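Peer 1: sequence? don't have it. structure:
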C-alpha cells in the first residue's frame, strides 16, 4: 500500500545506522531549528509529490554540488567556505552526523549549504537530470563482508541515479581507505557512464582537500587513503 504522505516515493531497504549516542542539548536545538539553518524543501524532505527541486530558488542560480554521506560535516563546510560561488547539498541519514553539521553551519553562518537528513537515493529522485556539477563520496560505509558488497554505493542502484543527476563532464570524487572498495569502484563506476581522471595514481589528495575524522582514524590504524576521480560522460 502506498504511503499517503509520500504517494510517489518508492519503498527502499536501508542498511546502516540512523542514530548513535544521545545528542547534546545544543544539537537537539539545532535539529529542531533545521529549517532555519538549512532553509528550503531539502531540509526535511517536505515534498510528498516528489517534484523536482527548484535548485535556482535554493541557491540563487549557483552551480550545485552534492556530498553523499557527509559524516561529521568537516569536508562539506570546508568546501562551502572555500567555494561560496557553489551551493552544496549534503545527504546523510545518520542523525548524529546531521546534528554535527548543523552546529558547524550555525557557527560558520554560511548560506550555501542545504541538508537532506536521509537516504541519498530519495534525494536523487527529486534532483533534475543533469543538475549537479560535482559529487563527493568520502569514506563511505565499507560493508566489508563479501555478502554485503551489494550494499555499497558503488553499485548500479546508486551509480545510475547519480549519473542521471550529474551534468556531462561533472567530477565525481571518491575517498576510501578500503582497497576492496577501490577495486569495486574502478570496476563498477565506469560501467555507469564515468571515466577515470588521472594517471592511475590514487595516493595524492585533491588540492582543496581537508582530512576528515574518518581519514584520520584510518591512518591511526595503519590504513592508507585512496583518492579516485571520475568524470561523468
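Peer 2: Perfect, I can see it now. These numbers come from a predicted model, not from an experiment.

Peer 1: every contact and neighbour count from this point should use C-alpha atoms.
Peer 2: OK.

Peer 1: now for residue 25, how many residues are close by?
Peer 2: Residue 25 has 9 neighbouring residues, counting by other CA atoms under 10 Å.

Peer 1: same deal with residue 31?
Peer 2: 20.

Peer 1: from residue 104, how far out is it?
Peer 2: 12 Å (CA to CA, to the nearest Å).

Peer 1: identify the contacts common to these two.
Peer 2: By CA atoms under 8 Å, 6 or more residues apart in numbering, residue 31 and residue 104 have no common neighbours.

Peer 1: spatially central, which residue of the protein would that be?
Peer 2: residue 68 (1.2 Å; CA atoms, centre = their mean).

Peer 1: any weak-confidence spans in this protein?
Peer 2: 1-22, 26, 30, 41, 43-49 (pLDDT under 70).

Peer 1: burial of residue 202, as a residue count?
Peer 2: So residue 202, with other CA under 10 Å, has 15 neighbours.

Peer 1: so which strand or helix has it?
Peer 2: Using DSSP states H and E, residue 202 is not contained in any helix or strand.

Peer 1: quick one: contacts for it?
Peer 2: Residue 202 neighbours (CA under 8 Å, 6+ apart): 226, 227, 228.

Peer 1: quick one: it from residue 112, how far?
Peer 2: Counting by CA to CA - residue 202 and residue 112 are separated by 30 Å.

Peer 1: make sure I have this right: residue 88 is in a strand.
Peer 2: Yes: the assignment for residue 88, made by DSSP: H, G, I helix; E, B strand; the rest coil, places it in a strand.

Peer 1: and it, what does it touch?
Peer 2: Contacts of residue 88 by CA under 8 Å, 6+ apart are 64, 65, 66, 67, 76, 80, 112, 113, 114.

Peer 1: repeat that with 6 Å
Peer 2: 64, 65, 66, 113 (CA atoms under 6 Å, 6 or more residues apart in numbering).

Peer 1: shouldn't the second one be in contact with residue 134?
Peer 2: Pointing back at residue 65 there. Yes: in terms of CA atoms under 6 Å, residue 65 counts as a neighbour of residue 134; the distance is 4.7 Å.

Peer 1: longest helix of the protein, counting residues only.
Peer 2: For the chain, the longest helix by residue count, based on DSSP state H, is helix 95-108.

Peer 1: which other helices and strands does the very next helix or strand once past it contact?
Peer 2: For helix 95-108, the following helix or strand on the C-terminal side (DSSP H and E) is strand 113-116. Contact here means 3 or more CA pairs under 6 Å, 6 or more residues apart in numbering; DSSP states H and E; on that basis strand 113-116 packs against strand 87-91.

Peer 1: residues touching the longest strand anywhere in the chain, excluding its own?
Peer 2: Taking DSSP state E as the criterion, the chain has its longest strand at strand 166-176. Strand 166-176 is touched from outside by 130-139, 225-233, with contacts defined as CA under 6 Å, 6+ apart.

Peer 1: which among these end up buried?
Peer 2: 131-139, 225-232 (16 or more other CA atoms under 10 Å).

Peer 1: give me the subset of those residues lying in strands.
Peer 2: 132-138, 226-232.

Peer 1: okay, how far is it across stretch 72-89, tip to tip?
Peer 2: OK, stretch 72-89 end separation, CA to CA: 14 Å.

Peer 1: ditto for stretch 201-218
Peer 2: 19 Å.
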